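> A structural model of the following input is requested.
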Amino acid sequence: MTEKAIHSTDTPAPPQRNKTPRRAHGKLLTAGLFGSSIEWYDFFLYGTAAALVFPHVFFPEASALTGTLLSFSTFWAGFIARPLGGLIAGHYGDKYGRKPALLTCLILMGAATFLIGCLPSTAQIGVWAPVLLVTLRFAQGLACGGQWGGIMLLLTESANPKRRGFSGTFGQVGASLGIVLGNLAFLGATAAISTEAFFAWGWRVPFLFSALLFPVVWYIHTKVEDTPEFRDLQQHSSNSAARVVQAPLTQALTQHWRTILLASGLMAVINAIVYINIAGILSYGTTELGHSRNDLLRISLLATAISAGVIVWGGSLSDKLGRRPVVLTGAGLIVLWAFPYFWLVNTGSLMWCFVAVTVGSLFYSLAYGPIAAYIGELFAPNVRYSAASVAYQLPAITVSGGTPFIMTAIIAHTGSTTWVSAFIAAMGVLTVLCAARLPETNSAAVRNDPAAVPGQPSTP
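Below you'll find the model as predicted:
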């Protein structure tokens, strides 16, 4: 089947006005923020551990460089699994509801992260230790791949139509808070105990904290309803695009694959700079520049905390100006910053490293803010969970998980960061080109019409 035009008969009828009470929606935003934060904490925690701990615990016989590369390769396994998780959760989320698919993903993430904290080391059980590590990391990836679409849709489909960009940022900010919480956990562990104790058992404590996710799961299960748009689909409207379909994943992939690929490109530069900030610089700074891990963790923590506000601002700005201009601006600024980023890092000054990471974080946050609303609005409600999840998670294989590995390999081969900067710039150009090809989903006609309901793509 060929992809149908965005304004084909598959385009959904405008959804009904959101009837979720303001107080109930506020509780939903809070639950989404906490759930997303702890979920991303679990997922990003692995990146910090992969840079600082896992080479020693799971690859003790390897050289420093080889151990880091092997550790980052296990880090990549989670990203390989993310699109698969998005496919599975998206299919069931479009067919049976956003909430049950999301709850399943949250439970899987909490369990996998907790078990990583319980794993024996290679010194204790040999090769089975890294095998089990990769298996649990893969499970983390499956869960992460499915949870983003669930939280994003619970927040945006239940939102006031004029505030979907802002509402979606409560899931997006969770990624930043997850990084902050992960860094705080490691900083606390390293400050409280000796280095020997940290590598022996202290690194496990941050992973065991993932048990905090389960009260959030219980709250969503007992207090949160599925979205109004999905409940409308369950009424089996005569409009084929406004009812639950039996094979949403198949329909999404066969009819909307071009839009999925372009939407994936929106995440290219965001993912590249994020994983250089939180994992690549941590490894490079400690092994090549001689910085302490705690200093670099503090830099990452402060930069991410500062940028969280920009994510919210970016989403709100997209409610007023449109999604595409905000994404284009953020991506373009990262292209301009790609080379100055490493010029500052390579001075060896922690202050200039903080400037480089912080400015990069602010720019990617601006582009990231509208993403939840933008990607969701590109697709009809009956395939939205499937299509949006695949679009968001596909770059996990091609960009996210591979970036720390690619950065380490490039520097080891060339002895320079120039090609790492070129890689960031290339990802930025890709995002700009994809955003330019996609339609604006929150057009001026929609923004200026008090009776309009955003969520349908405008004519490209």
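
> gap between the spatially most central residue of the chain and Ala123?
The centre of the chain sits closest to Ala175, judged by Cα atoms, centre = their mean, with a distance of 6.1 Å. Per Cβ to Cβ, to the nearest Å, Ala175 is found 34 Å from Ala123. All C-beta spots, glycine's among them, are computed from the backbone N, C-alpha and C.

> try Thr190
On the measure of Cβ to Cβ, Thr190 and Ala123 end up 21 Å apart.

> now do Phe199
Phe199 is 11 Å from Ala123, by Cβ to Cβ.

> Looking only at neighbour counts, state which of these two leads.
Neighbours per residue, other Cβ atoms under 10 Å: of Phe199 and Ala123, the larger number sits with Phe199, 15 against 11.

> hmm, back to that, hang on, the residue nearest to the centre of the chain packs against Glu39?
No: the criterion here is Cβ atoms under 8 Å, and Ala175 misses it with Glu39 at 9.1 Å.

> can you list contacts of the helix or strand hosting Ala436?
Assessed by DSSP states H and E, Ala436 sits inside helix 418-437. Helix 418-437 is contacted from outside by 262-273, 276, 280, 324, 327-328, 331-332, 334-335, 338-339, 341-342, 367, 399, 403, 406-407, 410-411, 460, using Cβ atoms under 8 Å, 6 or more residues apart in numbering.

> Which of those fall within helices?
Members of the contacts of helix 418-437 lying in helices (criterion: DSSP state H): 262-265, 268-273, 324, 327-328, 331-332, 334-335, 338-339, 341-342, 367, 403, 406-407, 410-411.

> Buried by neighbour count, from these: which ones?
With burial judged by 16 or more other Cβ atoms under 10 Å, the buried subset of the ones in helices among the contacts of helix 418-437 is 262-265, 268-273, 324, 327-328, 331-332, 334-335, 338-339, 341-342, 367, 403, 406-407, 410-411.

> in the longest helix along the chain, what counts as buried?
With secondary structure taken from DSSP H, the chain has its longest helix at helix 64-96. For helix 64-96, burial by neighbour count (16+ other Cβ under 10 Å) applies to 67-95.

> do stretch 117-133 as well
Of the residues in stretch 117-133, those buried (16+ other Cβ under 10 Å) are Gly117, Leu119, Ser121, Thr122, Ala129, Pro130, Leu132, Leu133.

> which residues touch the third one?
So that's Ser121. Per Cβ under 8 Å, 6+ apart, neighbours of Ser121: Val57, Phe58, Pro60, Ala129.

> what's the farthest-apart pair in those?
Spanning the widest gap among the contacts of Ser121 are Pro60 and Ala129, at 10.0 Å by Cβ to Cβ.

> which residues are in contact with both of those two?
Here Pro60 and Ala129 have Ser121, Thr122 as joint contacts, going by Cβ under 8 Å, 6+ apart.

> got any ranges where the chain has weak pLDDT?
Residues of the chain meeting the criterion pLDDT under 70: 1-25, 62-64, 234, 236-247, 401, 446, 449-460.

> hang on, the earlier thing: for the helix or strand following the helix holding Ala436, C-alpha coordinates in CSV please.
Counting by DSSP H and E, the next helix or strand C-terminal to helix 418-437 is helix 444-447. Extracted in CSV, the C-alpha atoms of helix 444-447 (Å, rounded to 0.1, in the frame of the first residue of the first chain):
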residue,chain,number,x,y,z
ALA,A,444,-2.1,30.1,12.6
ALA,A,445,-5.7,29.4,11.6
VAL,A,446,-6.0,27.0,14.5
ARG,A,447,-4.2,29.2,17.0
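
> so what does helix 444-447 touch, helix or strand wise?
Applying 3 or more Cβ pairs under 8 Å, 6 or more residues apart in numbering; DSSP states H and E, one finds that helix 444-447 contacts no other helix or strand.

> Distance from the chain centre to it, please.
28 Å (Cα atoms, centre = their mean, to the nearest Å).

> again with stretch 298-318
Computed by Cα atoms, centre = their mean, the separation of stretch 298-318 from the middle of its chain amounts to 14 Å.

> Next, the buried residues of it.
So for stretch 298-318, counting by 16+ other Cβ under 10 Å, buried means 298-305, 307-308, 310-318.

> Restrict that stretch to CA atoms and write it as CSV.
Extracted in CSV, the C-alpha atoms of stretch 298-318 (Å, rounded to 0.1, in the frame of the first residue of the first chain):
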residue,chain,number,x,y,z
ARG,A,298,27.7,18.3,38.9
ILE,A,299,28.1,20.0,35.5
SER,A,300,25.6,17.6,33.9
LEU,A,301,23.2,18.0,36.8
LEU,A,302,23.3,21.8,36.8
ALA,A,303,23.0,22.1,33.0
THR,A,304,20.1,19.7,32.8
ALA,A,305,18.3,21.4,35.7
ILE,A,306,18.6,24.8,34.0
SER,A,307,17.4,23.4,30.7
ALA,A,308,14.2,21.8,32.2
GLY,A,309,12.6,25.2,32.2
VAL,A,310,13.4,25.7,28.6
ILE,A,311,11.6,22.5,27.7
VAL,A,312,8.4,23.9,29.2
TRP,A,313,8.9,27.2,27.6
GLY,A,314,9.5,25.6,24.2
GLY,A,315,6.3,23.6,24.5
SER,A,316,4.3,26.7,25.5
LEU,A,317,5.9,28.7,22.7
SER,A,318,4.8,26.1,20.2
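
> picking up where we left off before, in contact with the residue nearest to the centre of the chain, which residues are there?
Ala175 neighbours (Cβ under 8 Å, 6+ apart): Ser36, Trp40, Phe44, Val274, Tyr368.

> same thing with Arg204?
So Arg204 contacts Gly117, Cys118 (Cβ under 8 Å, 6+ apart).

> now do 10 Å
If you count contacts by Cβ atoms under 10 Å, 6 or more residues apart in numbering, Arg204 has them with Ala49, Val53, Val57, Phe114, Ile116, Gly117, Cys118, Leu119, Ala189, Phe198.

> Name the nearest residue to the third one, sequence neighbours excluded.
When the adjacent residues along the chain are set aside, Val57 lies closest to Ser121, with 4.9 Å between them (Cβ to Cβ, 6 or more residues apart in numbering).

> measure that neighbour to Trp128 for me?
Relative to Trp128, and taking Cβ to Cβ, Ser121 is found at 11 Å.

> now do Ala192
From Ala192 across to Trp128, the span is 30 Å (Cβ to Cβ).

> How about Val335?
Counting by Cβ to Cβ, the gap from Val335 to Trp128 is 44 Å.

> Leu181 now?
30 Å.

> Likewise for Gly150?
Distance from Gly150 to Trp128, by Cβ to Cβ: 33 Å.

> Equivalent analysis for Trp352, please.
In terms of Cβ to Cβ, Trp352 sits 44 Å off from Trp128.

> Please list all residues in contact with Leu187.
Leu187 touches Thr48, Pro206, Arg293, Asn294, Leu297, Arg298, Leu301, counting by Cβ under 10 Å, 6+ apart.

> for the fourth one, helix, strand, or coil?
Right, Asn294. helix (DSSP: H, G, I helix; E, B strand; the rest coil).

> pretty sure it is touching Phe186, no?
Yes: the criterion here is Cβ atoms under 10 Å, and Asn294 meets it with Phe186 at 8.5 Å.
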